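**Student:** sequence-free structure coming up:
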DNA sequence: TCTATTATTGAATTATTATTCATTATTAGC
DNA sequence: GCTAATAATGAATAATAATTCAATAATAGA
């Protein structure tokens, strides 16, 4: 018998995140990923059926993880809807601050996948976003939020904004301070630009 | 002698926008583009040196055009900074409302290009964004806008939000009303979510 | 009508790379 | 130490698709 050495599946996923972030999914080759992961090219296929599923696994992991963590924030009933929204922003930022490459892959590659087929990760992603929607609905009911806001539109508004800022930061983590970005996002989300 | 029939360059560009929107840049083949444009595959190379330059030409056209049009809005001194910002939103929305496919291509493919090489369209794109920044700076000086806002962060914030909403709409123009989206964007940008 | 010139064609070429698979390496249990 | 099983390898295969180019078509001017 022979037992698997180390955790190659994890190595490959982490290598893929780096390579995808650097070159984009379609420009990345299996050879690059295997080199980055220090395994043979063929070995990747012992862990993943094909290149696309590597990408899907990345998002699977990400949203599964985020959804679960987010539950902690929303179930705390001492917090107001606005505070919970802030918590949601924090969660996203904290998740990506550990891994700028993951932020880049997320921003650049997820959309394609979202509209392609029925991807398994889509569920977790949608569940995550839906929790945010609930928060906003609740805030409107309590008259804490502007009543004319369309929930879906707000969802895409704030998520697009956050994504774009994460991307900016991830391309150049030393140039921008993620906490400054975070503070601005929270303020703009709640109060907008006009003084 | 023989003269070129019709405007094949334009036909190819328009075909490419459709094909890129449907399949994404990397999944699109020259054969698909040539079929959509009703020309032979080889003919594309009479007008564009390669596939990538087709994409670049699309953005070249877009931002050149938008920057020039935007000059009209900013040079009108009767308008306040907030009104000018609204005008900028209108301009973007109007440009894409004619061509949802172009919106999809913009959202999905521009980022890759932006960080790849020094693309010629980047200039026009940046010039466009910089005009927006000027507006905000001006609004802050007149104390009309929140003074703590970081100009770069706001730029990425609002642009990410708009992009994401354009994409949502472009994927399904019949389901979402772009004018509702537009109204929500303008409000959220200026006053945020909190009532 | 003929010819020179340029436009267009699409099959052939070429390059790239995802995926396969025959071979080799490793080790758990005996 | 031997063996049976599985892990890992990386060169060979196969498929895809960008790009080229020899052949053909069209037309302006003579």
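**Tutor:** Structure received. Keep in mind the model is a prediction, meaning the values are calculated, not measured. Numbers count the residues shown, from 1 in each chain, chains lettered A, B, ... in the order given.

**Student:** residues in contact with the lengthiest helix in chain A?
**Tutor:** Of all segments of type helix in chain A, defined using DSSP state H, the longest is helix A:51-74. In this structure, residues lying in contact with helix A:51-74 by CB atoms under 8 Å, 6 or more residues apart in numbering or on different chains are A:12-13, A:16-17, A:20, A:25, A:30, A:33, A:44, A:48, A:79, A:84, A:87-88, A:91-92, A:95, A:102, A:105-106, A:109-110, A:113, A:119-121, A:124-125, A:127-128, A:131, A:134-135. For glycine as for every other residue, the C-beta is placed from the backbone atoms N, C-alpha and C.

**Student:** give me every residue that touches residue A:87.
**Tutor:** Residues A:73, A:74, A:79 are the ones in contact with residue A:87 under the rule CB under 8 Å, 6+ apart.

**Student:** what's the distance between it and DNA strand D?
**Tutor:** Distance of residue A:87 to DNA strand D, computed by CB to the nearest atom of the strand, to the nearest Å: 40 Å.

**Student:** buried residues, the helix or strand that residue falls within. List them.
**Tutor:** Residue A:87 is located in helix A:81-97, with elements delineated by DSSP states H and E. Along helix A:81-97, these residues count as buried under the neighbour rule (16 or more other CB atoms under 10 Å in any protein chain shown): A:81-82, A:84-89, A:91-93, A:95-97.

**Student:** closest to DNA strand D among those?
**Tutor:** residue A:95 (28.8 Å; CB to the nearest atom of the strand).

**Student:** now that closest one. Nearest residue, chain neighbours left out?
**Tutor:** residue A:66 (6.0 Å; CB to CB, 6 or more residues apart in numbering or on different chains).

**Student:** so what's the residue count around the one you found?
**Tutor:** A total of 19 residues lie near residue A:66 under the criterion other CB atoms under 10 Å in any protein chain shown.

**Student:** can you check residue A:52 too?
**Tutor:** When neighbours are counted by other CB under 10 Å, residue A:52 registers 14.

**Student:** cool, and residue A:80?
**Tutor:** 14.

**Student:** who's in contact with the residue lying closest to it once chain neighbours are set aside?
**Tutor:** With CB to CB, 6+ apart as the measure, residue A:144 is the residue that lies nearest to residue A:80, at 6.7 Å, once sequence neighbours are left out. Shown in contact with residue A:144 (CB under 8 Å, 6+ apart): A:80, A:81, A:82, B:194, B:195.

**Student:** what's the lowest-pLDDT member of those?
**Tutor:** Across the set of the contacts of residue A:144, residue B:195 stands lowest in pLDDT, at 69.

**Student:** now the helices: where do they sit in chain A?
**Tutor:** Using DSSP H, the helices of chain A run over A:8-23, A:30-37, A:44-47, A:51-74, A:81-97, A:100-116, A:121-141, A:151-171, A:178-191.

**Student:** need the winner for burial among those helices.
**Tutor:** Mean neighbour count, computed with mean count of other CB atoms under 10 Å in any protein chain shown, is highest for helix A:151-171 among those, reaching a mean of 22.

**Student:** looking at the contacts of residue A:144, which is nearest residue B:180?
**Tutor:** For the contacts of residue A:144, the minimum distance to residue B:180 (CB to CB) is 19.1 Å, reached by residue B:195.

**Student:** picking up where we left off before, from the contacts of helix A:51-74, which are also near DNA strand C?
**Tutor:** Contacts with DNA strand C within the contacts of helix A:51-74, as defined by CB under 7 Å from any atom of the strand: residue A:30.
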